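[1] Okay, predicted coordinates and the sequence, questions at the end:
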Amino acid sequence: MELAKKWIKVTVNGEPRELLIKPNITLLDLLRDYLGLTGAKMACISNSCGACTVILDGMAVKSCSVLAMQAEGSEVLTVEGLAEGDKLHPLQQAFINHAAFQCGFCTPGKLMSAKALLDENPQPTEEELKRDMEGNLCRCTGYKKYIEAIMDVAQHPVKYSAKEG
Amino acid sequence: MAEYRVVGKGIPRKDGIEKVTGEAKYTFDVTLPGMLYAKILRSVQAHARIVNIDTSEAEKLPGVRAVITGKDTQGMKFGFVDTPRYPAEQPVIAEEKVRFIGESVAAVAAVDEDTANKALDLIEVEYEPIPATFDPEEAMKEGAPQIHGEQVPAPGRKCAWQDWGVARAARSYNPVNNIGAAVNISYGDSEKGFSEADYIRDDTWVIPRTNHACMEPHGAVASYHPLTGHLDLWLSHMGFELKRYWISKTLEIPISKLRVHKTFIGGAFGGKAQVFDHEIIAAFLSRKLGKPVKLILPRDEVFTSTNNSIALKVNVRKGVKKDGTIVAQHVKLISDMGAYRGSVPVCLFLCHSMRDSIYNIPNLTHEGVGVYTNKSTTMAKRGHGSQQMTTAIESQMDWIAEDLGLNPVEFRLKNLRKKGDVLANRDTLNSFGLPDCVKKAVEASNWKEKRGKLGPGHGIGLAVSSMFNGSGYWPFTAGSIVRMNHDGTVTLYMGQAEFGQGPTTTTCQLVAEELGLEVEDVNLIDGDSELCQFDYNNFLSGGMFVSCKACLVAAQDLRQQVLKVAAEMLEEDAEDLNMLERRVYIKEDPEEGVAFDEILRYSIQKHGGDPLIGKGFCKPVPEIEFYPSLSKGSGRWTDAYSFTAAVAEVSVDAETGRTKVEHIWVGDDCGREINPLICEGQLQSQAVMGMGDALFEDVMFSEGRTINANFVDYEIPRAFDIPEITIIDASDPDPNGPFGAKEIGECARAAVIGSIVNAVYDATKVKVDSLPLHPEKIFRGLQEKAKV
Ligand code: FES
Ligand code: FES
């Protein structure tokens, strides 16, 4: 049985969108298949890798495990919305400076988790950071460099808000 | 030591912007107009005859465009190995029988994934189960179920090695007792060696399958153009050559009509080297339907249906003199191969080769078999064979040292090979940083103050490992082009695949160094089989030593051309000129010079339009045409070896048996580090991956069914698990490497595993004989000890 499609209103990366969707799709499907925002990745579809992490009303969520309809009336931020024009977000810049990625597949999810964390707790301890990022798997980096990158942003906000990054 | 401007600098990666903005397009992100979605029905039986497959209901489902079974792909076989001795034996879709749970049985293409999944549910497969066998030692016994039958007929087609120029054809063969691969290597006289030994030790380890667990699941997008006969492919791979060769071969599409497009690749670690059924199926369906087809594997199928690392039982017998001189070693391997060979024939050889460059062992025998079982296939994983052997041998080294009252560091140093040594197969150790790796790692870790002195529950361990630097494999060469651009920058065409290991940056560093440019001045076209040159590619451990070197050679060629034209313009000798910042200048008078863009214009005007294009190539082990004999281990294999010594410090909780790794020191010889930032990343990566291998990674089976095919039940290290990691450069630049560089990507993992195993022993004195070091094993061992 095909479910009747439903309208959803959602703001994605600052742009209000109105879309007719199948009500059973996930937020990840909405972003990737309806909006062409392929930054959020799928590595498990079972809420266990964090590759699909986006920010929903200020909270990092695993978009593979959230129904699109749950985002009705909400604000969604994806990795595509992090940079402003020609200026990378401090976390993006720090990831580049520290070579905090290798294959890059987990990177969008990590950036979004890190942003949500720093928005809430701008000066986390390394311990807090590692706990918080436990749900973001990475097979390539051994985690070291991206923890350094995020700590660098937390500890040197001024350096990263400067124009050159 | 020569000083370089760009080489040796921790320059930020060139693929950074795409990767931090989400612009990087992986196979899974590719969408084409009119694209269909494919799914594969997998066998639920470990060993069964297929009596009937009824696809009629699935075909009737609205939105379904095609349903195919083994009847459609009849006779198409693929494999990582396809030699006269070991012809590829895996069907694209199971034909008369299934041999493992997870094997492909049918496939569907539909308008969307939901419809394709629904269609799979409507396919009725009638199986007639056959007794199965899951344990290699059972499978080798008389009367065990024969997984490939008594006599496997000759394939009725050319095997890959014939296509590549080897004169022998594959014959019919008989996999007696399910043995599908064998290796038997020896040199010296083992019997004599053991008879001269004062002390002999015999140990056996069982190393399980682990998963590569690349974050990007395997997948393919295929688009066949029915009018031109061209097939465009987007794949998650470790090099386009092998994939396009196999897809061309199985589907009988001319190789020049296949194009593998550049994609970003979300990790590989050996597990994406071979061609897979799903890739051939996507291409098959696309050709059948004349539409683009996307087929992405869900995570559980990555575990059950692609491949895991190689499971081995390793028995090592070693003869030693009282003073600690090793005189003989006899290794016996049994690999639980799975239903098809995968890369086991190669691995059995590499188990020897990966260790042969380390210790000087005058009398050596190395034998092994790969045994078919009703499980999924197994494949190279980051240090193919090295971690299995290193675990067994390096733990035994510690136990021998303990038995003989030797210092484990001195015992190792005493038996190490020497720079300049020529191995039995004539490979030469032109560089050998291993002694330095050991010394530096031991010193940095404060080993002397810690070994045996940390108190109960705390320990420190050392292990060493090596890796080869590229070997012969089709197309046996890497080629490259560097062309001059209008503004004096250059564009580099590189065939290598970037899957995280960093060649898109390091290659540009080599080229920039050679041409006096900055990395930003090098535009890169990579990973596209149509735009780039032949590249024998990364999965045979030659990314830097062979493929990147080809790019350097192309830059050297361009440099000579540029200098020649500049010499003409400046009326100077080319030897008196140098280049920097997009210009050539006179060494004696740096103010005098000509810019690259002027040189290009001059060349075009005065040299018949010559636009200055540099060409380079590099062949692994140039003096041999093809391949050595792997089964006998004779013949040259590689031009250099890289080395690692790792020290681990652990604490073990006596109440639970749980190990915590506190600190890992990695002393590494990767020749000259081209980019220390990337090198560090590679080593940190292997330290953490090795920790997972040592402590918890294990693909578990019950009656052939993978029981932990997801990231909840199959744990990989998480951010919170990671120890302190100290990286120590102990490089010995190799005369044949680009600027002295060697490989780095897969050496350290094995040493790290070995060092953790030895540290846990130091902490507990519990002898474990299988990986991973699950808390139960340690806990039980501690209990036993307490009883005594
Ligand atoms: S894809 Fe969402 S958590 Fe893995
Ligand atoms: S960078 Fe590859 S998984 Fe994290």
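    Okay, I see it. Ligands and ions are numbered 1, 2, ... in the order given.

[2] residues in contact with the closest residue to B:G488 other than its chain neighbours?
    Nearest non-adjacent residue to B:G488, counting by C-beta to C-beta, 6 or more residues apart in numbering or on different chains: B:F596, 3.1 Å away. In short, each C-beta sits where N, CA and C put it, glycine included. With contact taken as C-beta atoms under 8 Å, 6 or more residues apart in numbering or on different chains, B:F596 is in contact with B:M484, B:G488, B:T489, B:V562, B:M579, B:R582, B:R583, B:V584.

[3] Please report how far B:F596 lies from chain A.
    With the distance defined as C-beta to the nearest C-beta, to the nearest Å, B:F596 ends up 27 Å from chain A.

[4] Now do that residue, the pLDDT please.
    We note a pLDDT of 98 for B:F596 in this prediction.

[5] Ramachandran coordinates for it?
    Phi and psi for B:F596, reported as degrees, to the nearest 10, are phi -50, psi -40.

[6] And B:N407, how close does it get to ligand 2?
    According to C-beta to the nearest ligand atom, to the nearest Å, B:N407 and ligand 2 sit 40 Å apart.

[7] for B:Q329, same thing?
    Noted for B:Q329: a distance of 37 Å to ligand 2, by C-beta to the nearest ligand atom.

[8] try B:P292
    27 Å.

[9] which SS class is the residue in chain B positioned nearest to ligand 1?
    Nearest residue of chain B to ligand 1, counting by C-beta to the nearest ligand atom: B:F711, 7.3 Å away. Here B:F711 is coil, with the state taken from DSSP: H, G, I helix; E, B strand; the rest coil.

[10] Count the residues that sit near the residue nearest to it when sequence neighbours are not counted.
    Spatially, and ignoring its direct neighbours in sequence, B:F711 is nearest to A:S48 (4.2 Å; C-beta to C-beta, 6+ apart). Neighbourhood size, A:S48 [other C-beta atoms under 10 Å in any protein chain shown]: 20.

[11] Who are the contact partners of the residue in chain B positioned nearest to chain A?
    Scanning chain B for the residue nearest chain A gives B:G22, at 2.3 Å (criterion: C-beta to the nearest C-beta). By C-beta under 8 Å, 6+ apart, the residues touching B:G22 are A:L37, A:T38, A:G39, A:A40, A:T78, A:V79, A:E80, A:P108.

[12] Chain A: helices as residue ranges?
    Taking DSSP state H, the helices of chain A run over residues A:27-29, A:90-97, A:107-120, A:126-132, A:144-155, A:157-161.

[13] Distance of the nearest residue to B:Y187 once chain neighbours are set aside relative to B:S634?
    Spatial nearest neighbour of B:Y187, excluding adjacent residues (C-beta to C-beta, 6+ apart): B:A424 at 4.2 Å. B:A424 sits 8 Å away from B:S634, going by C-beta to C-beta, to the nearest Å.

[14] export the helices of chain A to JSON lines and tack on distance to A:E72 and mean neighbour count?
    Below are these laid out as JSON lines (distance: least, C-beta to C-beta, whole Å; neighbours: other C-beta atoms under 10 Å in any protein chain shown):
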{"stretch": "helix A:27-29", "distance to A:E72": "11", "mean neighbour count": "23"}
{"stretch": "helix A:90-97", "distance to A:E72": "28", "mean neighbour count": "24"}
{"stretch": "helix A:107-120", "distance to A:E72": "20", "mean neighbour count": "24"}
{"stretch": "helix A:126-132", "distance to A:E72": "27", "mean neighbour count": "16"}
{"stretch": "helix A:144-155", "distance to A:E72": "31", "mean neighbour count": "22"}
{"stretch": "helix A:157-161", "distance to A:E72": "34", "mean neighbour count": "13"}
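
[15] per the record, what domains does chain A have?
    Following automatic domain parsing, one gets these domains for chain A: A:6-81, A:90-161.

[16] and B:T504, which of the ones you listed is closest to it?
    Comparison of these against B:T504 by C-beta to C-beta identifies domain A:90-161 as nearest, at 11.1 Å.

[17] Endpoints of the closest one, how far apart?
    Terminal residues of domain A:90-161 lie 7 Å apart, using C-alpha to C-alpha, to the nearest Å.

[18] Report the rounded mean pLDDT for that domain.
    Mean pLDDT, domain A:90-161: 96.

[19] Next: stretch B:342-360.
    pLDDT averaged over stretch B:342-360 gives 98.

[20] Residue numbers of chain A in contact with ligand 1?
    Contact residues (C-beta under 6 Å from any ligand atom) of chain A with ligand 1: A:42-45, A:47-52, A:62, A:64-65.

[21] of those residues, buried ones?
    Listed as buried from the residues of chain A next to ligand 1 are A:M42, A:A43, A:C44, A:I45, A:S48, A:C49, A:G50, A:A51, A:C52, A:K62, A:C64; burial here means 16 or more other C-beta atoms under 10 Å in any protein chain shown.

[22] Pretty sure the fourth one sits against A:S63.
    Which is A:I45. No - counting by C-beta atoms under 8 Å, A:I45 does not reach A:S63; the two are 10.3 Å apart.

[23] Chain neighbours aside, what residue packs nearest to B:E514?
    Once flanking residues are discounted, B:E514 sits nearest to B:A555: 4.0 Å by C-beta to C-beta, 6+ apart.

[24] how far away is the one you found from B:T491?
    Between B:A555 and B:T491 the computed distance is 12 Å (C-beta to C-beta).

[25] and for those two, which residues touch both?
    Common neighbours of B:A555 and B:T491 (criterion: C-beta under 8 Å, 6+ apart): B:V482.

[26] These two - which one has more neighbours?
    With neighbours defined as other C-beta under 10 Å, B:A555 and B:T491 compare such that B:A555 has more, 27 against 15.

[27] contacting residues around the more buried one?
    B:V482, B:V490, B:L492, B:L510, B:V511, B:E514, B:L515, B:G614, B:G616.
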